[in-house]
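1. Any chance you could fold what I've pasted below:
(2 chains)
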There are 2 protein chains.
Amino acid sequence: MVVIGGGTAGLVSAAGGASLGARVALVEQDRLGGECLNYGCVPTKALIRSAKVASLMRRASEFGIKPVPVEVDFGAMMSRMRTVVERAGEADSPERFRSLGVEVFLGEEARFVGPREVSVNGRRFRARSIILATGSHASMPPVDGLEETGYVDNVSVLELERMPRSVVIVGAGPIGSEYAQMLARLGCRVELICSKGGPLPAEEPEVVEALGGFLTADGVRLHRGYRAEEARRENGEKVVVARSKGGASVELRGEEILVAAGRAPTVESLGLENAGVEVGEQGLEVDERLRTTAENVYAAGDVTGVLRFTHAAEYQARIALQNALFPVKRKADYRFVPWTTFTDPEVARVGLTEKEARERHGHVEVFRQHFSDLDRAICDGEAKGFAKIVTGKGGRILGGHIIGPDAGNLIGELVLAMRKNITIGELSQTVHVYPTLSEVNKRVADDYYREKFFTRRNRKALSAFFRVRRLLSRR
Amino acid sequence: MVVIGGGTAGLVSAAGGASLGARVALVEQDRLGGECLNYGCVPTKALIRSAKVASLMRRASEFGIKPVPVEVDFGAMMSRMRTVVERAGEADSPERFRSLGVEVFLGEEARFVGPREVSVNGRRFRARSIILATGSHASMPPVDGLEETGYVDNVSVLELERMPRSVVIVGAGPIGSEYAQMLARLGCRVELICSKGGPLPAEEPEVVEALGGFLTADGVRLHRGYRAEEARRENGEKVVVARSKGGASVELRGEEILVAAGRAPTVESLGLENAGVEVGEQGLEVDERLRTTAENVYAAGDVTGVLRFTHAAEYQARIALQNALFPVKRKADYRFVPWTTFTDPEVARVGLTEKEARERHGHVEVFRQHFSDLDRAICDGEAKGFAKIVTGKGGRILGGHIIGPDAGNLIGELVLAMRKNITIGELSQTVHVYPTLSEVNKRVADDYYREKFFTRRNRKALSAFFRVRRLLSRR
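-> Reported below is the predicted structural model:
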């Protein structure tokens, strides 16, 4: 087996394949660990943590601590980020994979020469099966003059040597939203261009609305419904001209421009045409079994364009690996794959939005709990956001949406419940530790339970029961 | 129905009873909300949060922020704590309960005059059933001279007007351990007397060991295996003499003594003898249906002496209420009741320890994951502690033990899994969001999965399969 790409999907495939006893070659152009470890999840979460600590320090007096001046040492923060990446990357070292029996080719490009043949630096490999896990990269929006004006993307932003005083961010998906808040908290003036109605536009409208408020409170200036169209330099600043559908236009100025306007599959120079592997709009064409249009070529991770998350890449890789090696094929099922955006508070989701659920299931019910009523959130000074659960027949959970402290951890219970067909009523019957944030799921569920149990009919019957009993006991 | 005691158990009983249409009187001597809201969980979690923020501020440079002087304003911190209690207590206001139809008697004592009759301030109430929810209070250890020397308990410590420079804490259960770390982080010198081998001695020995290390790192001086025997005043200080079983003795000095040496049920002056309600060693004698030794008297919460936690009180109250009002009786089942101690990192638990599991189930297996290998914990600078899962036949989860960041939230997934008979193998198959701390449960489960799947036999079979296939493909 040849695995092309050493990010999460490639590493899981290669390690799994070798552990199963297959002969595996792994080819990576850059560094093992991929986008997530080197330019994505890990470095951003390290920076987000620094920004969170800075934000708590600014709130010191709220917690009964004397106010202090908060000054970020940009170099030290970036250097901590690099140390974190290094430490998190220890598990992804070439030595570890070599010790598992994987033949690792680092800094090399792989290219198909035929449907079952790949060349790596002039050497040719015949493989029974090939897993493509080449990932994705920032895609460039059609903004006139962007190249000439200069910009950073999620990779080059990590190489900045000093903090820009101001940044214009093009795109308000997960990357744009996380950076907008983090940079604002670090003291940078941030203009965030949201092409749709707000940050994370694919989420529940009420989540988008709430997040918009939280980002604004942190000082981010939101420009909703605008598209970046032109960029230029002016008086040593970078200027982005953005226009709304209605034709209104704004000129946003910053020391830097951060482009976070979507991702494109990394498929160039792979010689896919030599293998008959076809590329669709979002990524490689794959079927439910993660097979590409070539019989023996499977794909996993961002390059498929399906749910670009590290944990989704791991999930896909396990399936692609099984299907690549064995005759019994498994299908991918994304219904129970959750995701989280690591703003503060976090935004987590699994399953359908309310609208999607209504379209597919007709009548659905919705229950909510605000963190402002949750004791632990009040104690922690983090009482913002809410959890929302969308249910179908019999209390079946169709979707979970949490914007609030620790949402990424809290969504886990809903994922397990959905996957194992545990109803919302059962969550209400499960004891949750007081005072923890995890109570939020139970409190939502309690509402469901109350509503189902205390129907008008039940109330009438109970009232009659107690009345009769009182009468009898008086005799 | 008469409910005696307006803490969690009493409030849940009273609100539930009234919602069901029963006529309910609720009697509380002090304030609604009970120990948890007023003197326990809520105020301590507020103070713990202040201490956590102070601790993060001291670590500023670790996160790339310029170091600052950290000075706690004790008065402001205590006043924040009171505001938090007030806000969390809004749901427990007498007005809310009155609006539900509950007759509320505040500041009054209730006393049994017969098995079905209670007097409140001279007024007599006949009730079909009575729920006792009078809670618990700090019990006094047999320490000579303690009264004369003076001390604070979990109630009076909240009334301190300035921070003591040094404190001797008697007792290293949840209350003693939480206060020890919090006070140390606020700048107080803390001597912690652990009568057994360390803090939280009822937990897994390896958890006790780890927590001991974390408390020590925060500056707490642990005295393991010592019992406080005498107290006196000397040169304006309070002195506690503690002795070990071996006869060694230490003299510990502090500006204040905090007694956290267990809890006693609050049963005085209730006239229990008039109703035939008997008191055992830990609390009221109750059966599995939470009935006391009197036919129509039920009990819930700390007064039962069973698992003194707010969420356990709520769980018991739901059962006591049903059994008090209706002919169909339910039994309490504590197997799936988790708990957490809110040190930093938190200590959370559900089910059996490894030793208990071995005693009851014979052969068990144990799997662990350290937070030092978990990417999010590394990013957050909170990479300490571990999760441990004890499993029986077929991967059935018998116990979960987490000492680590957010442990109180993370245990929830294991509670749901245990309650719904979801095996550890299934946890491994459930997608968890990367990078979140909730991955810890999955990583433990992955270990189980690997161990079950990659047996020697499976490895041999797989190896043979690939060898044969390679031979065939060469022809």
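2. need the contact list for the residue nearest to A:Arg185 when sequence neighbours are not counted.
-> Nearest residue to A:Arg185, sequence neighbours excluded (Cβ to Cβ, 6 or more residues apart in numbering or on different chains): A:Ala51, at 4.0 Å. (Glycine included, C-beta is placed from N, CA and C.) Residues near A:Ala51 by Cβ atoms under 8 Å, 6 or more residues apart in numbering or on different chains: A:181-183, A:185-186, A:344.
3. and with 7 Å instead?
-> Counting by Cβ atoms under 7 Å, 6 or more residues apart in numbering or on different chains, A:Ala51 makes contact with A:182, A:185-186.
4. With pLDDT as new columns, can those be given to me in CSV?
-> Listed next are these as CSV, based on pLDDT from 0 to 100:
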residue, pLDDT
A:Met182, 98
A:Arg185, 97
A:Leu186, 96
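5. Put together JSON lines for those residues, with distance to B:Asp144, secondary structure and neighbour count on each row.
-> Output for these, formatted as JSON lines (distance: Cβ to Cβ, whole Å; DSSP: H, G, I helix; E, B strand; the rest coil; neighbours: other Cβ atoms under 10 Å in any protein chain shown):
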{"residue": "A:Met182", "distance to B:Asp144": "58", "secondary structure": "helix", "neighbour count": "26"}
{"residue": "A:Arg185", "distance to B:Asp144": "55", "secondary structure": "helix", "neighbour count": "24"}
{"residue": "A:Leu186", "distance to B:Asp144": "57", "secondary structure": "coil", "neighbour count": "20"}
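6. tell me which of these is nearest to A:Ser473?
-> A:Arg185 (64.2 Å; Cβ to Cβ).
7. how about stretch A:420-433: buried residues?
-> Within stretch A:420-433, the residues scored as buried using 16 or more other Cβ atoms under 10 Å in any protein chain shown are A:420, A:422-428, A:430-433.
8. Out of those residues, the closest to A:Gln282 would be?
-> Nearest member of the buried residues of stretch A:420-433 to A:Gln282, counting by Cβ to Cβ, is A:Lys420, at 30.2 Å.
9. Just say helix, strand or coil for the closest residue to that closest one other than its chain neighbours.
-> Of all residues not flanking A:Lys420 in the chain, B:Ile422 sits nearest, at 5.7 Å (Cβ to Cβ, 6+ apart). Counting by DSSP: H, G, I helix; E, B strand; the rest coil, the backbone at B:Ile422 sits in coil.
10. Next one: B:Ile422 relative to A:Leu416, how far apart?
-> As defined by Cβ to Cβ, to the nearest Å, B:Ile422 lies at a distance of 7 Å from A:Leu416.
11. just A:Val241 next, same as before
-> Using Cβ to Cβ, A:Val241 is found at 48 Å from A:Leu416.
12. Same question for A:Gly385.
-> In terms of Cβ to Cβ, A:Gly385 sits 21 Å off from A:Leu416.
13. Which pLDDT value goes with the residue nearest to A:Lys420?
-> Listed pLDDT for B:Ile422 reads 98.
14. For it, what are phi and psi?
-> In this entry, B:Ile422 is assigned phi and psi values of phi -90, psi 130 (degrees, to the nearest 10).
15. ok, which stretches of the stretch 1-150 of chain A are helices?
-> Applying DSSP state H, counting those that start in this stretch to the stretch 1-150 of chain A gives helices spanning A:8-19, A:34-39, A:41-58, A:74-88, A:94-99, A:146-149.
16. Give me whichever of these is most buried.
-> Of all the helices of the stretch 1-150 of chain A, helix A:8-19 carries the top mean neighbour count, a mean of 27, counting by mean count of other Cβ atoms under 10 Å in any protein chain shown.
17. Need the residues that contact that one.
-> A:1, A:3, A:24, A:26, A:28, A:32, A:34, A:36, A:92, A:97, A:100-102, A:131, A:133, A:300-301, A:310, A:313-314, A:316-318, A:320-321, A:325, B:454.
18. try stretch A:192-210
-> The set of residues external to stretch A:192-210 that reach it, using Cβ under 7 Å, 6+ apart, is A:169-174, A:176-177, A:180, A:211-212, A:215, A:220-228, A:242, A:341, A:347, A:349, A:353-354, A:385, A:388, A:401, A:403.
19. repeat that with 6 Å
-> The contact list for stretch A:192-210 (Cβ atoms under 6 Å, 6 or more residues apart in numbering or on different chains) reads A:169-170, A:172, A:177, A:180, A:211-212, A:220, A:222-224, A:226-228, A:242, A:341, A:347, A:353, A:401, A:403.
20. Now that stretch: buried residues?
-> So, applying 16+ other Cβ under 10 Å, buried residues of stretch A:192-210: A:192-195, A:198-200, A:203-204, A:207-208, A:210.
21. With just CA atoms, put stretch A:184-195 into PDB.
-> Listed next in PDB are the C-alpha coordinates belonging to stretch A:184-195 (Å, rounded to 0.1, in the frame of the first residue of the first chain):
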ATOM      1  CA  ALA A 184      -8.800  41.200  18.900                       C
ATOM      2  CA  ARG A 185      -8.000  39.900  22.400                       C
ATOM      3  CA  LEU A 186      -4.300  40.200  21.800                       C
ATOM      4  CA  GLY A 187      -4.900  43.900  21.200                       C
ATOM      5  CA  CYS A 188      -5.200  44.000  17.400                       C
ATOM      6  CA  ARG A 189      -7.900  46.000  15.600                       C
ATOM      7  CA  VAL A 190      -9.900  43.500  13.600                       C
ATOM      8  CA  GLU A 191     -12.200  44.000  10.600                       C
ATOM      9  CA  LEU A 192     -14.000  40.700   9.800                       C
ATOM     10  CA  ILE A 193     -15.700  40.400   6.400                       C
ATOM     11  CA  CYS A 194     -18.600  37.900   6.600                       C
ATOM     12  CA  SER A 195     -19.900  37.100   3.100                       C
END
